[in-house]
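Visitor: Pasting the sequence and the predicted model now:
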There are 2 protein chains.
Amino acid sequence: MPSTIYDRDLDRNEANFAQLTPLTFLERAADVFPDRVAIVHGSYRETYRELRLRSRRLASALAARGVARGDTVAVMLANTPAMIECHYGVPLTGGVLNTLNTRLDAATLAFILDHGEAKVLITDREFAPAIREALSLCTVKPLVIDYDDPVYPQTGERLGTLDYEALLAEGREDHPYRGPDDEWDAISLNYTSGTTSNPKGVVYHHRGAHLLAQGNILTSGMPNGAVYLWTLPMFHCNGWCFPWSLSVVGGTHVCLRQVRASAIYEAIEKHGVTHMCGAPIVMSIILNASSEEKRAIDRQITFMTAAAPPPEAVLAAMKQAGFDVIHLYGLTETYGPAVVNEWQGEWDALDQSAWAQKKSRQGVRYSALDRLDVIDPETMQPVPRDGKTIGEVMFAGNVVMKGYLKNKKATDEAFAGGWFHSGDLGVMHPDGYIQLKDRSKDIIISGGENISSIEVEDALYKHPAVANAAVVAKPDEKWGETPCAFIELRPGMTVTEEELKDWCRQHLAHYKVPRAFVFSELPRTSTGKIQKFKLRDQFKAG
Amino acid sequence: MPSTIYDRDLDRNEANFAQLTPLTFLERAADVFPDRVAIVHGSYRETYRELRLRSRRLASALAARGVARGDTVAVMLANTPAMIECHYGVPLTGGVLNTLNTRLDAATLAFILDHGEAKVLITDREFAPAIREALSLCTVKPLVIDYDDPVYPQTGERLGTLDYEALLAEGREDHPYRGPDDEWDAISLNYTSGTTSNPKGVVYHHRGAHLLAQGNILTSGMPNGAVYLWTLPMFHCNGWCFPWSLSVVGGTHVCLRQVRASAIYEAIEKHGVTHMCGAPIVMSIILNASSEEKRAIDRQITFMTAAAPPPEAVLAAMKQAGFDVIHLYGLTETYGPAVVNEWQGEWDALDQSAWAQKKSRQGVRYSALDRLDVIDPETMQPVPRDGKTIGEVMFAGNVVMKGYLKNKKATDEAFAGGWFHSGDLGVMHPDGYIQLKDRSKDIIISGGENISSIEVEDALYKHPAVANAAVVAKPDEKWGETPCAFIELRPGMTVTEEELKDWCRQHLAHYKVPRAFVFSELPRTSTGKIQKFKLRDQFKAG
């Protein structure tokens, strides 16, 4: 590349270049809105000044105990103030935040702690049983810090020698701000359920987290001082980056340990909630609340949902209940949402079924995402924009992960041909909106959680009476989908549904256990491959 | 730096990294809102699809004529559709857009064309006289393209052999999108109006333009589909990056060749304008419009102003007229605005004078700016946060220029000590808001007492007959200096010197009351800023 006049004496320096990171958002919020409430948790309030001081204390204490650049700090936390503090305090050390899915079984947790090489584990007492077992199974010996929720005390045993508040007390609140050495440095680690039994560790970097956190604001139009209710678990893709987004607008986090209807309505009424996110299950909880639980809502609340498009009836009911639903789509590998069903004003005039058709599409890229397309994975050519031809949804841009930790093979496969292969199948409509059709890999999304059908099948195959098993998604009003298992028994063997459920509970996280079992011959292709689509068709038919 | 597990096999690739550039905003807007009106210019309409096609044609034609990475394309254009197209088409070639201040004299224009090594010059026929002379003075021989405004034909002679539309016809509209090779590459060149020496060429890069363009949206809360009226010249800091910001929200540009009251009110009424920017003079034009020119405004319009804080009376009048004023601050070197007087809701409850005091401050950094402080340039230490100690306002971050073109000395001086030195003097308040104080020359020292010219001007602006006021120091044998007021009256109004003195005595300490009043038109820069030095020069002369 020949040098031009613009390449001479115009280099980067301290005055004109800064590494992108979401950590600066908190610096600014604490400077500009020091007394604004950053966190509400029951009766507890934490201002932006306090959030910064506590995050710095956390960073200082962790650094003093040896956490440095590239060290993993795992956390097993509910949506509590500590979880938000960890989103700032851990990266401030240069360390990497690994939020653990609190619903995972001990064996998977142990795998993750080992694979991520966790140096520290901060764990809420509620999850002591699973963590206790995980710690007995894993090889790493992280420093264990118990988090004792001061507002909603938990009764689980203490597993460490140090409490979270005691850790903070070790730190200095004048610990200096320190951004990443490079914006490409890792900020967090999120494990996907994936399609095989071993989860993959998705690595995010500071640059991507900065851009997606701002992208959320640009997409949702979240105003200065927004009030955000945590109905989405922060362990999911770092809460779709909203722990960082809120600082951009000096907004207030309203924590929720448990997603229950009464608590949601109470928070909405008491704290003036303006925005929330969640899987379709959360809409279900909101709409199916009892009349005692419900409260009148005197304004429009923005509800951002992802995954499966909300059914028409649910959208209509949400609107009536005071919620404006924005439909997003993304994967753990894309920092959560990177696609939005950008609503065109004129669509409001469409008749009900055409309107619902528009609402059912996943949409277009966030402006933080560079490219989004539906591509034939064989030829790597985009499919025709006809709304019919199925291809694989692919992403490219700054809000695509660094890759999978210690898994070059999976990373290379995921990025083959210069695109991130989502594994999701979809079509491209003539107007450039994508719509998911089916998932190429067998993922069941139940209550917002990804369940690998292969993992469930693996568990079933271990049972001595099971000859063959196929697990597919069964539509469910409350959970969106639930796993349903089709079983062929070994000749001469018998087993009951209840026995198989018990078996699965021993081998799987509870939410992965099939809700229904069908004992029958499995449909197969001529080459003997199980035709899962025929099993799914049974649900469509009846 | 020791390598960690996060540094292995997690490199940048085509799927997970993209160079930041504002050009992708147009790509997205044209994909998502192809039929939305991007540009209104009189009776002319251009959709986002057309804006992209025309920008690509422009890029294609320029590239075919040899414009490549790092080549300067100068434009002498009013706020027309071509100017917006150039903001996309020129950088698409890898070239650098140099917008010329249309009010400059031929000698300065010639200096700029030579210094920037302009390869192409696109020039509106309105400006033919100055450009003709400039071309006769300069050494470079750029390809000259005439822009013939199709809606508002101009009568100036044609200077080139090619017309803008003919140039576009040479290009291909399927010219491929091409982002910058590196986000640090130059995107534009803006010359500052040097008061003493030759103008300096401020170089912007794609990364900074991307971040500031988004920062404008985050700061102004500009919603999807905003309608933006061009009362700010686009040759000024690339229109504070708003030519790119609008694409982020798929908004509509409403062009204005000339900033006149009737045209402003007409556009507001006809096109549903929601946002506009401008120097304080634009507020003056809006407020001093005749009753025939004025139209009723049935909504709140966001008006972003910069430079001097708007006087209290102007803010009050603007509010009554339907405008919500956001006070910004920045320099050419910071892509336009990088500081905002972030308004705290509780300030609305303050009494008039305390409210005005808050309104008069420049404020806090954009979130796209990394650091902002008031610093003692000798020690490079921040001044105390006391609202009193004067220091130099300094900036650091990604929205600070690459540097001055071919001027290493000035660049090094501007960036000394890891900060951009603005040359503006100010104080830091205890709450972290900065406030500009008069440049040392603007402080009037009378009988040993410091008089702020801004305070005196504030008092004058409250008088119903005063349209504009500028107060400067007049040499005085007895007092050293005394304040002298230069006054522009509202159309049809009269007031005597004695009446204004009485008015000031009611509002100011007596020593601050101007000793002399001059009723005359105020000298202004091309961007509408009052040139106080010219007023002072009158005293020097005689």
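Guide: Cool, the structure landed.
Visitor: got any ranges where the stretch 201-350 of chain A has weak pLDDT?
Guide: A:307-308 (pLDDT under 70).
Visitor: where exactly do the strands run in it?
Guide: Taking DSSP state E, counting those that start in this stretch to define them, one finds strands in the stretch 201-350 of chain A at A:227-229, A:252-254, A:275-278, A:301-305, A:323-331, A:336-340.
Visitor: helices or strands up against the first one?
Guide: Under the contact definition 3 or more C-beta pairs under 8 Å, 6 or more residues apart in numbering or on different chains; DSSP states H and E, strand A:227-229 sits against strand A:252-254, helix A:261-271, strand A:275-278. Using the backbone N, CA and C atoms, a C-beta is placed for each residue, glycine as well.
Visitor: in the sheet, who's paired with A:Thr47?
Guide: Taking DSSP bridges as the rule, A:Thr47 bridges to A:Val37.
Visitor: actually A:Asp124, not the one I typed
Guide: Once the bridges are assigned, which here means DSSP bridges, A:Asp124 pairs with A:Tyr147.
Visitor: give the contact list for it.
Guide: Residues counted as contacts of A:Asp124 (C-beta atoms under 8 Å, 6 or more residues apart in numbering or on different chains) are A:76-78, A:80, A:82, A:102, A:146-147, A:149, A:154, A:156.
Visitor: hmm, 6 Å instead?
Guide: For A:Asp124, the contacting residues are A:77-78, A:147, by C-beta atoms under 6 Å, 6 or more residues apart in numbering or on different chains.
Visitor: what helix or strand does A:Thr389 sit in?
Guide: Under the criterion DSSP states H and E, no helix or strand holds A:Thr389.
Visitor: quick one, which of the helices and strands packed on strand A:227-229 is nearest to chain B?
Guide: Set against chain B and scored by C-beta to the nearest C-beta, the helices and strands packed on strand A:227-229 come closest in strand A:252-254, at 13.0 Å.
Visitor: Pull up the pairing partners for the closest one, direction included.
Guide: According to DSSP bridges, strand A:252-254 has these partners: strand A:37-41 (parallel), strand A:227-229 (parallel).
Visitor: gap between the longest one and the chain center?
Guide: Right, the one you point to is strand A:37-41. Average the C-alpha atoms of strand A:37-41, do the same for its chain, and the two points are 22 Å apart (C-alpha atoms, centre = their mean, to the nearest Å).
Visitor: How about residues contacting it?
Guide: Counting by C-beta under 6 Å, 6+ apart, strand A:37-41 makes contact with A:45-48, A:51, A:81, A:84, A:151, A:252-255, A:271, all of which sit outside it.
Visitor: which of these are buried?
Guide: Neighbour-count burial (16 or more other C-beta atoms under 10 Å in any protein chain shown) is assigned, among these, to A:46-48, A:51, A:81, A:84, A:252-255.
Visitor: Out of those residues, the closest to A:Thr231 would be?
Guide: Distance from A:Thr231 was checked for each of the buried ones among the contacts of strand A:37-41 by C-beta to C-beta. The minimum falls on A:Val254, at 9.5 Å.
Visitor: Looking from chain B, tell me which residue of the stretch 401-542 of chain A is nearest.
Guide: Nearest residue of the stretch 401-542 of chain A to chain B (C-beta to the nearest C-beta) works out as A:Gly418 at 3.5 Å.
Visitor: Counting neighbours, what do you get for that residue?
Guide: The local packing count at A:Gly418 equals 13, with neighbours defined by other C-beta atoms under 10 Å in any protein chain shown.
Visitor: Could you list the domains of chain A?
Guide: The record's domain split for chain A, according to automatic domain parsing, is A:24-254, A:443-541.
Visitor: Now do the end-to-end distance for the longest one.
Guide: With C-alpha to C-alpha, to the nearest Å as the measure, domain A:24-254 spans 21 Å from end to end.
Visitor: show me what contacts A:Val120?
Guide: Here A:Val120 is in contact with A:73, A:142-143 (C-beta under 6 Å, 6+ apart).
Visitor: Which of those ranks first by neighbour count?
Guide: Sorting those by how many neighbours each has (other C-beta under 10 Å) puts A:Val73 first, at 28 neighbours.
Visitor: Show me what the residue in the stretch 151-300 of chain A positioned nearest to chain B bridges to in the sheet.
Guide: With C-beta to the nearest C-beta, the shortest gap between the stretch 151-300 of chain A and chain B falls at A:Ala186, namely 3.9 Å. Bridge pairing for A:Ala186 (DSSP bridges) gives the partners A:His205.
Visitor: And for it, the neighbour number?
Guide: Counted with other C-beta under 10 Å, the burial measure for A:Ala186 works out to 27 neighbours.
Visitor: Just confirm it contacts A:Val96, I think it does.
Guide: Yes. Counting by C-beta atoms under 6 Å, A:Ala186 touches A:Val96, with 4.7 Å between them.
Visitor: Give the full set of residues in contact with the nearest residue to A:Leu168 once chain neighbours are set aside.
Guide: Taking C-beta to C-beta, 6 or more residues apart in numbering or on different chains as the measure, A:Leu168 lies nearest to A:Arg57, with 4.5 Å between them; neighbours along the chain are not counted. Counting by C-beta under 6 Å, 6+ apart, A:Arg57 makes contact with A:168, A:171, A:173.
Visitor: Quick check: residues of the stretch 101-250 of chain A near chain B?
Guide: Taking C-beta under 6 Å from any C-beta of the partner chain as the criterion, the neighbours of chain B within the stretch 101-250 of chain A are A:186, A:203, A:221, A:223, A:248.
Visitor: So which of the residues you listed are in helices?
Guide: Counting by DSSP state H, the members of these that fall within helices are A:Val248.
Visitor: Are any of the residues of the stretch 101-250 of chain A next to chain B buried, and if so which?
Guide: Taking 16+ other C-beta under 10 Å as the criterion, what is buried in those is A:186, A:203, A:221, A:248.
Visitor: Need the domains of chain A in JSON lines (columns: distance to B:Ala106).
Guide: As requested, the domains of chain A are arranged in JSON lines below (distance: least, C-beta to C-beta, whole Å):
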{"stretch": "domain A:24-254", "distance to B:Ala106": "43"}
{"stretch": "domain A:443-541", "distance to B:Ala106": "66"}
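Visitor: Of the ones you listed, which stretch is the most buried?
Guide: Counting by mean count of other C-beta atoms under 10 Å in any protein chain shown, domain A:24-254 has the highest mean neighbour count of the domains of chain A, with a mean of 22.
Visitor: State the distance from A:Asp146 to chain B.
Guide: A:Asp146 sits 26 Å away from chain B when distances are taken as C-beta to the nearest C-beta, to the nearest Å.
Visitor: before we move on, what about A:Gln362?
Guide: When distance is defined by C-beta to the nearest C-beta, A:Gln362 is 13 Å away from chain B.
Visitor: any idea of the pLDDT on that residue?
Guide: Among the per-residue scores, A:Gln362 holds a pLDDT of 93.
Visitor: Repeat that for the one 10 residues further on.
Guide: Here the pLDDT value assigned to A:Leu372 is 98.
Visitor: do the same with A:Asp442
Guide: Value listed for A:Asp442 in the pLDDT field: 67.
Visitor: now A:Glu488
Guide: Reported pLDDT at A:Glu488 in the predicted model: 89.
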